[in-house]
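1. Sequence and predicted structure, then a few things I'm wondering about:
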Amino acid sequence: MMNTGCSYFSGRATEQEPWTVEVKLTVAQQVNPDAADNPQPVRICIIETRRAGWLPQQLYEGRICEGLSASADVVNFEQYILAPGQTKTYKTINQDYDSGSRWVIVGAEFQRGIGKYSLIERHIPPDGDFKIDVVAENTSLTFL
């Protein structure tokens, strides 16, 4: 008796649904104050990376959003200049199933320099959609 199998069907990868990464940015009315404490637009960037603890090359020069490009670690990035009171939503649809873990980093460049809360990093769960709300207020970022 010959024993045959259906290796063609058992070896196929299951098809996964694409997932989304969504970051809602809200800029408060009092943000990025100048020397006279007047609110100013703020530059915010969103970076999707494959490595925890990834830092922008020019972070310590106060330019978080400068020099961003796709690389082995950076999957995607966007940058915006947002006025006080403005909102913006960053959204990507991801179908790259074999890339392993992902993180989203949100950074803001404030006139008074890079502070303790100028950069936020969050892990993107591998099993579904990811959504975060980030608020830029005065000289810091917070997430909700």
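-> Perfect, thanks for sending it.
2. just checking, what packs against the longest strand anywhere in the chain?
-> Under DSSP state E, the strand in the chain containing the largest number of residues is strand 19-31. Judged by 3 or more Cβ pairs under 8 Å, 6 or more residues apart in numbering; DSSP states H and E, strand 19-31 is in contact with strand 42-49, strand 74-82, strand 87-94, strand 102-109, strand 130-138. Where C-beta positions appear, they are placed from N, C-alpha and C, glycine not excepted.
3. Including distance to residue 28, could those go into JSON lines?
-> Converted to JSON lines, the helices and strands packed on strand 19-31 look like this (distance: least, Cβ to Cβ, whole Å):
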{"stretch": "strand 42-49", "distance to residue 28": "10"}
{"stretch": "strand 74-82", "distance to residue 28": "10"}
{"stretch": "strand 87-94", "distance to residue 28": "11"}
{"stretch": "strand 102-109", "distance to residue 28": "12"}
{"stretch": "strand 130-138", "distance to residue 28": "4"}
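4. who wins for proximity to residue 57 among these?
-> For residue 57, the closest of the helices and strands packed on strand 19-31 is strand 74-82, at 10.5 Å, according to Cβ to Cβ.
5. now the end-to-end length of stretch 121-136.
-> When the termini of stretch 121-136 are compared using Cα to Cα, to the nearest Å, they are 15 Å apart.
6. no, scratch that, I was asking about stretch 115-132
-> End-to-end distance (Cα to Cα), stretch 115-132: 21 Å.
7. do the same with stretch 40-59
-> End-to-end distance (Cα to Cα), stretch 40-59: 20 Å.
8. Return the set of buried residues in that stretch.
-> 42, 43, 44, 45, 46, 47, 48, 49, 50, 56 (16 or more other Cβ atoms under 10 Å).
9. Now do the contacts for the residue nearest the centre of the chain.
-> The C-alpha lying nearest the average C-alpha coordinate of the chain belongs to residue 104 (Cα atoms, centre = their mean; 3.3 Å). For residue 104, the contacting residues are 21, 23, 46, 47, 48, 49, 121, 122, 124, 130, 132, by Cβ atoms under 8 Å, 6 or more residues apart in numbering.
10. Bridging across strands, which residues link to it?
-> residue 48, residue 122 (DSSP bridges).
11. And for residue 140?
-> Under the criterion used (DSSP bridges), residue 140 bridges to residue 137.
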